[in-house]
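**Q** using only what follows, build the 3D model:
(one chain, ligands or ions: 1)
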Amino acid sequence: MKVTKTVEETRKLVKAWKQEGKSIGLVPTMGFLHEGHASLIRRCREENDIVVVSDFVNPTQFGPNEDLEAYPRDFKRDSELCESLGADLIFNPEPEEMYHDPHAFVSIDLLSETLCGKTRPIHFKGVCTVVSKLFHIVTPDKAYFGQKDAQQLAIIRKMVQDLNFDIQIVGCPIVREEDGLAKSSRNTYLNTEERKAALCLSKALRRGMDVIHPQADASEVLGEMRAIIEAEPLARIDYVSMVDALTMQPVEKVEKDVLVAMAVYIGKTRLIDNFSYEV
Ligand code: AMP
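**A** Model (predicted):
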């Protein structure tokens, strides 16, 4: 497995692989890899000749008061995991390699304004920018994203369509801990008490999945879910919302495919989770 730090050396390797007629799969990550990331890398391994994993904590998707500095990092462990999963290349640039001020940005407005975009106004602009850059650098045939970040996945699909990237976007299911908590690099911030409290997210989701039905009122479904989270003293709701699965705009009734998504603070840690419902 190769490790690259620069755009130039990454391009050189990719070019040689392409000249040999090999297909390229990309898994973009911010590192501190866990089973959720591993599921994407495995799927990528099955479907492509070459597997590229990017491991880059992207500064432009963090707001001024967010956890950029504290975000967990362990490149040695990440590279061992990638190697064991059969990855061919990890692209691990420094921020200075990726950004020179002033820098161009990519944004997909409407879909980025709801859910996480309300609390994190610059987040998806940073995501679209770094993912566009990775797409141009790695030129993959397919790129793999988790349903865990459902709004991100919808935005990337829209970006690929709007900007005519010739890349197939593959969405992968949410990987959970045995007790239901969605795996996340940020789970490492939780102390023992908070870890227990964090179960209110997956409990609320299960309740939502039980009560949702075609023509259901969003307020009824969301009310049931909110009640479970509000019963947990360490939890504070950022949002619990139902949106159209494609446009990410709020809906009042289940008439088309929807995304039911939440962000909840457990202590200082902001966790997200969601489920999709197809009519
Ligand atoms: P991150 O490193 O958090 O930016 O995540 C990189 C990719 O892994 C994104 O496409 C995430 O949606 C995906 N991912 C993170 N956690 C999970 C999970 N628990 N299950 C499935 N995919 C995940």
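**Q** now stretch 180-196 - C-alpha only, CSV.
**A** Taking Å, rounded to 0.1, in the frame of the first residue of the first chain, the C-alpha atoms of stretch 180-196 are listed here in CSV:
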residue,chain,number,x,y,z
GLY,A,180,-27.5,0.6,18.5
LEU,A,181,-25.3,3.7,18.7
ALA,A,182,-24.1,4.7,15.2
LYS,A,183,-20.3,4.4,14.9
SER,A,184,-18.6,7.8,14.8
SER,A,185,-15.1,9.1,15.3
ARG,A,186,-16.8,11.6,17.7
ASN,A,187,-18.0,8.8,20.0
THR,A,188,-14.6,8.8,21.5
TYR,A,189,-15.4,12.2,23.2
LEU,A,190,-18.2,10.5,25.3
ASN,A,191,-17.5,9.5,29.0
THR,A,192,-19.1,6.4,30.4
GLU,A,193,-22.3,8.2,31.6
GLU,A,194,-22.6,10.1,28.2
ARG,A,195,-22.0,6.9,26.3
LYS,A,196,-25.1,5.4,28.0
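**Q** okay, and Leu26 sits in which element?
**A** Take DSSP states H and E as the rule and Leu26 turns out to sit in strand 24-29.
**Q** which stretches of the protein form strands?
**A** In the chain, the strands defined using DSSP state E lie at 2-4, 24-29, 50-55, 89-91, 142-146, 168-172, 235-244, 258-266, 269-277.
**Q** circling back to that earlier point, give me the mean pLDDT for the strand holding Leu26.
**A** The average pLDDT within strand 24-29 is 99.
**Q** what does it rub up against?
**A** Contact partners of strand 24-29, identified using CB atoms under 8 Å, 6 or more residues apart in numbering, comprise 14, 17-18, 37, 40-41, 44-45, 47-56, 130-131, 134-135, 138-145. For the C-beta atoms, the positions are set from N, CA and C on the backbone; glycine is no exception.
**Q** and Ser241, what does it touch?
**A** Going by CB under 8 Å, 6+ apart, Ser241 touches 114-115, 222, 250, 260-262.
**Q** measure it to Lys2 for me?
**A** Distance from Ser241 to Lys2, counting by CB to CB, to the nearest Å: 42 Å.
**Q** same thing with Ala245?
**A** Plainly put, Ala245 is 38 Å away from Lys2 if you go by CB to CB.
**Q** tell me which of those two has more neighbours.
**A** Set Ala245 next to Lys2 and count neighbours by other CB atoms under 10 Å: Ala245 wins out with 17 against 12.
**Q** dump the residue contacts of that one.
**A** Ala245 sits next to 154, 256-259, 276, 278 when contact means CB under 8 Å, 6+ apart.
**Q** filter those down to the buried ones, ChimeraX style.
**A** Applying 16 or more other CB atoms under 10 Å to these leaves a buried subset, and the ChimeraX line that selects it is:
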select :154,258,259
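**Q** for the ligand, what are the nearby residues on the stretch 51-200 of the chain?
**A** 145-146, 148-149, 172, 174-175, 182-185 (CB under 6 Å from any ligand atom).
**Q** in a markdown table, list the residues you listed along with neighbour count and pLDDT.
**A** Putting those into a markdown table (neighbours: other CB atoms under 10 Å; pLDDT from 0 to 100) gives the following:
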| residue | neighbour count | pLDDT |
| --- | --- | --- |
| Phe145 | 23 | 99 |
| Gly146 | 22 | 98 |
| Lys148 | 20 | 98 |
| Asp149 | 20 | 98 |
| Cys172 | 20 | 98 |
| Ile174 | 19 | 98 |
| Val175 | 18 | 98 |
| Ala182 | 21 | 98 |
| Lys183 | 17 | 98 |
| Ser184 | 23 | 98 |
| Ser185 | 19 | 95 |
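**Q** for Glu97, list the residues it contacts.
**A** The contact partners of Glu97, by CB under 8 Å, 6+ apart, come to 5-7.
**Q** just the closest of those to Arg270, please.
**A** Lys5 (30.3 Å; CB to CB).
**Q** re the thing from before, wait, which of the strands of the chain is closest to Met159?
**A** It's strand 168-172; of the strands of the chain, that one is closest to Met159 (CB to CB) at 9.2 Å.
**Q** how much space separates the nearest residue in space to Leu246 that is not next to it in sequence from Gln161?
**A** Leaving aside its sequence neighbours, Leu246 sits nearest to Ala154 (CB to CB, 6 or more residues apart in numbering; 6.7 Å). Separation of Ala154 from Gln161 (CB to CB): 11 Å.
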